[in-house]
Every structure is written in structure tokens, then in C-alpha cells.
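1. Using only what follows, build the 3D model:
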Amino acid sequence: MIVRKWRGRNAQYPEAWRGIVAERLVGWHHLTGEEQTGLLAMAAAFVDQKRWEGAGGLRVTDEMRVVVAVHACLLVRRMDATAFRSVGSIILYPKPVVSHGVRSLGGGIVSEGPLPIHGETRRGGPVVIVWSAAEFESRHPEIGRNVVLHEFAHQLDLQDGALDGTPPLVSRELQQQWPSIRDDVYAHVLAHSDPLLGSYAATNVGELFAVSTERFFTRPVELRNLHPAWYAALAAVYKQDPATSYGRAGR
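-> Alright, predicted model coming up:
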């Protein structure tokens, strides 16, 4: 792989990207012009820095790259722009990959048998994304799911070496409060059928954080209403408040 210098917010991008992102990124029209330009430049640098691989016969297109990149960069647009520098490769599959074996469903429940996987990540990469899921979810944010946001939330979580539902926390106050807020929400999803976060958030605290990140950006008003303290903690992590900035859109 050719390693290029990080160009950050000065990276150049094709003007055609604006049309793609306008149709595919939730909250795009609620960003200022300067914010849109900055996010696109971050995405261009992201595309330039990563090795993109198609699996299962998939040919990776520029549209695929920009859709994945802009969602990953949405998470960190107000954080460290090099947060995902340890991710070397993005591998795209055309359709879900079937996993076999025993797995946890949360709450001490385990299941055995085939399971379609839409994404996968590990510390240092690669990040695996199923394009059929990413494409559909980017067009339908109202469903609350987004595999790209999910897998890159895991990447943030893994920066301390463990999938423990704890992303980088910059303030001492948040470091002190985070475990209690996270654990309270996790206890809730274990004990109740949460109408927004769903059963997958009960798998472990790592999945709770990733699922919550999906809802934070796609259905923020509902998340703020159902779990206000958790929403506020996530807003402090991402330094964004989507419930306020595009709440009138009902997302």
C-alpha cells in the first residue's frame, strides 16, 4: 500500500461527491456550507489514505468509497481528524456474509447456527462492510440502522484496546461520569424491551455504544427523549447535537 501524507481538511474532492452525499448522509442539509466542505475534505483524505478492496466479486466504485468515508468522518468531524489512522483497509462485500458458531445474544442468552453479518471490525482494521446494507441504510436513516456508523464506532471504542463501550473521553468530568451512565443504560436494555435501542444493544456494552451511535445520528430526537443522560454523554463525545440541529426533520 502506498502511504500518503494526511491532508485533512485541505484534501481535494470531486464536485460530484456533493450530489452523492446530499442524497445519502442524514443531516447533510443541516450543516453549514463550511461544515459540508470540511466534511467532504475529510472524506477525501480518508479515501486517499485507505486501501479499498472488493470481495465476493464486488467492484468497488467511487460512490461506494465516498458513502463509507463520509459516514466514518461524520463521527469524528469535530474530534481528532486522524482518529481512524490505524485502519489500513476497507473491505466491501456485495451481500451479507454468513457466520457460523456460538454467539451471545445478550442477557446470558447464546445462539448457535448461521447468522448473516453486515459488518465486522477489529483493532487496527480491516473494517468489513456489506455494501447492500450500507447502501440501503444510507438511503433510509429513519430505520435507525447504519452499518458504517456502527463499525467505526467500534473503532473508536477499541482505541483503549478493549471493546468496552468507552470511546476516547477528553474531559475528566466525562471520564468520571461515563461508566455510570453507560452501565445504567445497559442495565435498562437488559431488563426491558427497549423500543429504540433494541435487543442487539444488550449483547454487551461495546454493542450498546455502537448501536447507540447509530441512533444518535439517525434518530437523535427519540434517543434524547428516551435516554436523555446517555444522549448528553454521546453528544459530549462527538461534540455534536443532532437532535437540536436537525430535530425538526424527525430524526
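2. Need phi/psi at the nearest residue to Ile143 once chain neighbours are set aside.
-> Leaving aside its chain neighbours, Ile143 sits nearest to Glu137 (6.8 Å; criterion: C-beta to C-beta, 6 or more residues apart in numbering). C-beta here means a position set from N, CA and C on the backbone, and glycine is covered the same way. Glu137 adopts backbone torsions of phi -70, psi -30, taken as degrees, to the nearest 10.
3. Name all residues that make contact with Glu137.
-> By C-beta atoms under 8 Å, 6 or more residues apart in numbering, the contact set of Glu137 is Ile143, Arg145, Asn146, Val147, Val148.
4. Now do the same for the closest residue to Glu53 other than its chain neighbours: helix, strand or coil?
-> Spatial nearest neighbour of Glu53, excluding adjacent residues (C-beta to C-beta, 6+ apart): Ile91 at 4.8 Å. Under DSSP: H, G, I helix; E, B strand; the rest coil, the three-state class of Ile91 is strand.
5. Also Ser86?
-> Classification of Ser86 using three-state DSSP returns coil.
6. same thing with Gln240?
-> Three-state call for Gln240 (three-state DSSP): coil.
7. residues contacting the closest residue to it other than its chain neighbours?
-> Using C-beta to C-beta, 6+ apart and skipping the chain neighbours, the partner closest in space to Gln240 is Arg78 (6.1 Å). By C-beta under 8 Å, 6+ apart, Arg78 lies in contact with Tyr238, Lys239, Gln240.
8. And Arg78, how close does it get to His71?
-> Distance from Arg78 to His71, counting by C-beta to C-beta, to the nearest Å: 15 Å.
9. Distance-wise, check the residue lying closest to Leu169 once chain neighbours are set aside relative to Gly144.
-> Leaving aside its sequence neighbours, Leu169 sits nearest to Gln175 (C-beta to C-beta, 6+ apart; 4.7 Å). When distance is defined by C-beta to C-beta, Gln175 is 28 Å away from Gly144.
10. thinking again about what came up before, what's the helix or strand for the residue nearest to Gln240?
-> Using DSSP states H and E, Arg78 is not contained in any helix or strand.
11. and the helix or strand containing Asp48, how far from the chain's centre?
-> Element membership for Asp48, per DSSP H and E: helix 33-49. Taking C-alpha atoms, centre = their mean, to the nearest Å, the mean C-alpha location of helix 33-49 is offset from the chain mean by 16 Å.
12. separation between Ile181 and Arg172?
-> Distance from Ile181 to Arg172, counting by C-beta to C-beta: 15 Å.
13. repeat for Leu40
-> Separation of Leu40 from Arg172 (C-beta to C-beta) stands at 34 Å.
14. Mind checking which of those two has more residues around it?
-> Leu40 (23 against 8; other C-beta atoms under 10 Å).
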